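A.B. asks: Pasting the sequence and the predicted model now:
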Amino acid sequence: MIINFIRHGMTEGNKSKKYIGVTDEVLCDEGIHELKKIKYPDCSILVSSPMKRCKQTAEIIYPGKNYRICEEFRECSFGIFEGKNYMELSDTPEYQNWIESDGKGRFPGGDDPFEFRQRCTDGFIKLIASCPDDEVISLVVHGGVIMSVMEALAFPEKNFYDWHVSNGHGYVTGFDKGKTADINCPLTVISLI
């Protein structure tokens, strides 16, 4: 099974380096233009986050192709950091506390990062279990979703932030459900998108 992880195209919030999680932004013109310049792998199954920026990206990359929505692939809620960048938050005590936690603390008013990562990984495992072994699947999702699943299941092993990809880019991975009795055999990175 081949699984393509594709991060959605750029939004205005991404351009401004803002924390954009549950804010349901659409792609900016520059993001749309950039997507059209990249060659994406074909797929037999297309899956998207329910957020507008992912659905719009899926429709641009794979025009006319039907896609499934995976609710577990929603981006993280950044709580009171939502819609702000690090410069706007630099004097905020809550932000300083979160930074000092090495990004491991709950976002004030938002999600717990570890619960978010587990939700993404559980959603991925559930999705893959429902797909035949010979499919090529493209997941059009958020950067945090890609980093969560790759940190949990990919080989070579890397930490969460090492799996970061730019907007419109991602990973082509291989996955063989038949190699092991459980679904937790590693994703093998084949190439970058």
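C.D. replies: All right, it came through fine. Numbers count the residues shown, from 1 in each chain.
A.B. asks: From here on, just use CA atoms for contacts and neighbour counts.
C.D. replies: OK.
A.B. asks: mind listing what Asp134 touches?
C.D. replies: For Asp134, the contacting residues are 1-2, by Cα atoms under 8 Å, 6 or more residues apart in numbering.
A.B. asks: just use 19 as the starting number from now, easier for me
C.D. replies: Let's use 19 as the start, then, which means that last one is Asp152.
A.B. asks: count of neighbours near Arg124?
C.D. replies: 17 (other Cα atoms under 10 Å).
A.B. asks: contacting residues around the residue lying closest to it once chain neighbours are set aside?
C.D. replies: Distance criterion Cα to Cα, 6 or more residues apart in numbering; nearest residue to Arg124, sequence neighbours excluded, is Asp130 at 4.1 Å. Contacts for Asp130 (Cα under 8 Å, 6+ apart) come out as 122-124.
A.B. asks: packing partners for whatever helix or strand Val163 lives in?
C.D. replies: Secondary structure assignment for Val163, by DSSP states H and E: helix 161-171. Applying 3 or more Cα pairs under 8 Å, 6 or more residues apart in numbering; DSSP states H and E, one finds that helix 161-171 contacts strand 20-25, helix 131-147.
A.B. asks: out of these, nearest to Thr191?
C.D. replies: Thr191 lies closest to strand 20-25 among the helices and strands packed on helix 161-171, at 5.2 Å (Cα to Cα).
A.B. asks: where in the protein is pLDDT low?
C.D. replies: Across the chain, the ranges flagged by pLDDT under 70 are 195-203.
A.B. asks: where do the strands sit along it?
C.D. replies: Counting by DSSP state E, residue ranges of the strands within the chain are 20-25, 63-66, 86-87, 154-159, 172-173, 188-192, 205-210.
A.B. asks: buried sites along the last one?
C.D. replies: By 16 or more other Cα atoms under 10 Å, the buried positions in strand 205-210 come out as 205-207.
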